[in-house]
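Enquirer: Predicted coordinates and the sequence they were generated for:
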Amino acid sequence: MKNNKHNVFLEFELPGFKRDEIDIKIDDDKITIEAKADHEKEVLERNFESHEETSQDFFYTTTLPPVKKHEAEIEFYGGNLEITIPKK
């Protein structure tokens with residue numbers, strides 16, 4: 001987490017997650033980020049069959065200075081999550 005006089009910035013690398021698998025909750029003094037992904041892969045070859053299931057979990061929480069939670073900007077692209085929250 002970084003911050004300056006006006007904003008709080010958070011950046012995370014979350015490869016393997018889709019945006020709808022990430023839950024972000026911002027309160028006046030805390031942010032919580034949770035992500036869960038379950039993936040299934042099935043391989044069918046001539047004489048071989050394989051079924052693979054994987055699960056990924058991510059959890060992060062930290063306290064924040066007083067922020068304007070309704071003005072938070074959230075960007076997610078290429079597995080990178082960037083959050084900018086203006087301070088009160």
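Expert: Here it is on my side, so go on.

Enquirer: out of everything not next to it in sequence, what's closest to the residue minimising distance to the centre of the chain?
Expert: Against the mean C-alpha coordinate of the chain, by CA atoms, centre = their mean, the closest residue is Ile22 at 4.8 Å. Residue nearest to Ile22 in three dimensions, not counting chain neighbours: Ala35, with 4.5 Å by CB to CB, 6 or more residues apart in numbering. No exception for glycine: its C-beta is placed from N, CA and C like everyone else's.

Enquirer: Check Lys25 too.
Expert: Computed as CB to CB, 6+ apart, the closest residue to Lys25 that is not its neighbour in sequence is Thr32, at 4.6 Å.

Enquirer: beta partners of the one you found?
Expert: The residues listed as beta-bridge partners of Thr32 by DSSP bridges are Lys25, Thr61.

Enquirer: just the one 4 residues further on next, same as before
Expert: When bridges are assigned using DSSP bridges, the partners listed for Lys36 are Asp57.
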